[in-house]
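coordinates only, sequence not included:
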Ligand code: GBH
């Protein structure tokens with residue numbers, strides 16, 4: 001028997017996020033987050049919906065845990081709603097014991113079910129009051145202190161029970177989608193047809209910087225005051241797609257590929273591993289990209305116990321000639337679904353940005369592992385939507401062979417990255433445990449391995465892929 005590519009303690013499971021599943025926006029003292037506010041603005045969400053009910057997980061936690069068990073998951077990654085725990089958000093605002101207890105109970109129930117909790121402190125849902133009070137993520141002085149305080153409240157309440165902490169989910173999205181394109185809350189953009197406020201040429205870089213400092217502050221708090229007694233690990237989750245040149249014979253396209261990854265991932269990764277922004281970004285953005293002070297570098301550099309990786313797809317990259325637009329956040333290039341020969345990178349899905357290309361997962365993990373000196377990786381999200389899934393009758397919808405195939409390809413690529421390329425990847429969370437509120441796409445786009453019947457009391461129906469993932473891992477992992 002050849003050696004199995006994955007060890008027996010490989011941690012696999014499923015991921016969700018608070019605003020996408022919980023509902024109960026004003027129960028037990030929770031106050032608005034910026035997403036509650038954003039959803040009320042006409043035109044921002046495709047189906048004019050919101051997370052008001054979502055999967056109703058706040059009332060159906062036991063059903064979610066039963067689902068995890070049915071899927072044989074070893075771990076569950078979920079995020080906390082900051083405004084449930086500190087409704088107004090700030091360091092001088094009261095803590096809401098009921099909101100906090102909801103999560104403590106969830107952690108206890110997961111342990112009782114033999115499932116390892118992995119907690120994301122922040123998956124985009126900033127308390128709305130902080131945005132109103134001082135400009136939220138734009139205000140370094142205030143935000144960093146409030147975020148650290150929030151993190152400490154959480155570590156104190158459940159630090160002894162949680163071994164895996166993630167400071168942020170995808171700071172790229174908070175910065176670019178929240179402050180450049182305005183597609184996500186709080187919706188700032190220079191495009192005055194979409195928003196009365198915002199400066200796409202500057203705000204995203206300020207927000208990214210502030211998120212990095214706050215990440216560093218929370219990690220320092222954990223390491224100084226909790227790590228020793230609680231024995232957990234803490235890191236950040238970065239999103240990033242793989243890239244292939246539009247024209248492999250054009251050195252400018254090949255070079256643009258690395259630049260794309262630098263703008264999308266190393267923007268956050270380089271400060272964390274090297275204490276500086278990538279040269280390509282400094283060159284294009286000049287002093288619109290903030291400078292780190294010595295104290296900030298000390299906080300941020302070395303602030304990852306592991307690299308949390310969210311990965312979905314790949315693009316072809318075509319360089320642009322001439323100077324970059326001030327609003328450009330890509331590295332002065334085009335992201336395309338087809339290459340020069342007209343070949344698509346992968347099949348279409350319901351998400352315009354997502355076409356599966358499994359080998360890109362292996363390549364990106366190796367690329368990042370090489371750049372950052374072989375860090376420990378936990379894949380914290382990977383998954384797909386299906387074109388037209390929402391329009392299928394239930395019995396057909398539950399046979400999601402396309403999604404099963406996606407997971408076979410991607411998990412196989414992960415196994416190869418570990419066993420053949422020496423990448424130190426130790427866990428994998430599929431996105432998502434169940435269909436949920438897909439942000440600006442509303443409920444039309446489904447990412448779950450479980451169907452959620454939004455018109456039928458949020459009843460859960462596992463799809464074929466819910467079982468397939470466990471079978472895939474069974475085939476790849478060492479036996480107990
Ligand atoms: C994840 O991000 C999120 O963490 C999760 O909450 C979400 O449900 C899941 O994706 C599925 O979407 O709007 O065309 O400018 C994945 C990374 C980065 C993918 C931003 C979509 C937007 C491209 N995302 N990207 S576009």
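Nice, thanks for sending it over. Everything numeric here is computed off the predicted structure, so don't read it as measured data.

For the rest of this, base every contact and every neighbour count on C-alpha atoms.
OK.

What parts of the stretch 251-400 of the chain come near the ligand?
Those residues of the stretch 251-400 of the chain that sit near the ligand, judged by C-alpha under 6 Å from any ligand atom, are residue 353.

If we use 8 Å, what do you get?
Within the stretch 251-400 of the chain, the residues that sit near the ligand (C-alpha under 8 Å from any ligand atom) are 310-312, 351-354, 381, 383-385.

Buried members of those residues into ChimeraX, please.
Remark: buried members of these, expressed as a ChimeraX selection using 16 or more other C-alpha atoms under 10 Å:
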select :310,311,312,354,381,383,384,385
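
could the residues of the stretch 251-400 of the chain next to the ligand be laid out in CSV, adding pLDDT and secondary structure?
Listed next are these as CSV, based on pLDDT from 0 to 100; DSSP: H, G, I helix; E, B strand; the rest coil:
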residue, pLDDT, secondary structure
310, 99, strand
311, 99, coil
312, 99, coil
351, 98, coil
352, 98, coil
353, 98, coil
354, 98, coil
381, 99, strand
383, 99, coil
384, 99, coil
385, 98, coil
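
The ligand: which of the residues of the stretch 251-400 of the chain next to the ligand is nearest?
residue 353 (5.3 Å; C-alpha to the nearest ligand atom).

Please pull up the helix or strand immediately following the one helix or strand residue 155 maps to.
Assigned by DSSP states H and E, residue 155 falls within helix 140-158. Note on helix 140-158: by DSSP H and E, the next helix or strand toward the C-terminus is strand 164-169.

list the helices and strands that following strand packs on?
With contacts taken as 3 or more C-alpha pairs under 8 Å, 6 or more residues apart in numbering; DSSP states H and E, strand 164-169 sits against strand 116-120, helix 203-225, strand 233-239.

Now the helix holding residue 155: buried residues?
In helix 140-158, the ones that count as buried by 16+ other C-alpha under 10 Å are 140, 142-155, 158.

quick one: which of these is nearest residue 103?
Taking C-alpha to C-alpha as the measure, residue 158 is the one of the buried residues of helix 140-158 closest to residue 103, at 8.6 Å.

what's around residue 359, how many residues?
18 (other C-alpha atoms under 10 Å).

so who does the closest residue to it other than its chain neighbours touch?
Closest residue to residue 359 apart from its sequence neighbours, by C-alpha to C-alpha, 6 or more residues apart in numbering: residue 413 at 5.9 Å. Going by C-alpha atoms under 8 Å, 6 or more residues apart in numbering, residue 413 touches 358-359, 361-362.

could those residues go into CSV alongside secondary structure and pLDDT?
Shown next, in CSV, are the contacts of residue 413 (DSSP: H, G, I helix; E, B strand; the rest coil; pLDDT from 0 to 100):
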residue, secondary structure, pLDDT
358, coil, 98
359, helix, 98
361, helix, 99
362, helix, 98
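
Could you single out the nearest of those residues to the ligand?
So of the contacts of residue 413, ranked by how close each gets to the ligand (C-alpha to the nearest ligand atom), first place is residue 361, at 13.6 Å.

close enough to count as contact, the closest one and residue 410?
Yes: at 6.7 Å, residue 361 and residue 410 qualify as touching, with contact defined as C-alpha atoms under 8 Å.

And those two? Which one has more around it.
Applying other C-alpha under 10 Å to residue 361 and residue 410 shows that residue 361 carries more neighbours, namely 27 against 24.

pLDDT averaged over stretch 67-84 - what is it?
Taken as a whole, stretch 67-84 has an average pLDDT of 98.

which element is residue 243 on?
strand 242-245.

list the helices and strands that strand packs on?
Using 3+ C-alpha pairs under 8 Å, 6+ apart: strand 242-245 touches helix 251-261, strand 314-319, helix 359-371.

in its sheet, what does it sit against?
strand 314-319 (parallel) (DSSP bridges).

Show me the contact partners of the helix or strand just after the partner strand.
Following strand 314-319 in sequence order, the next helix or strand is strand 333-336 (DSSP H and E). Defining contact as C-alpha under 8 Å, 6+ apart, one finds that strand 333-336 is touched by 246, 256, 260, 315-320.
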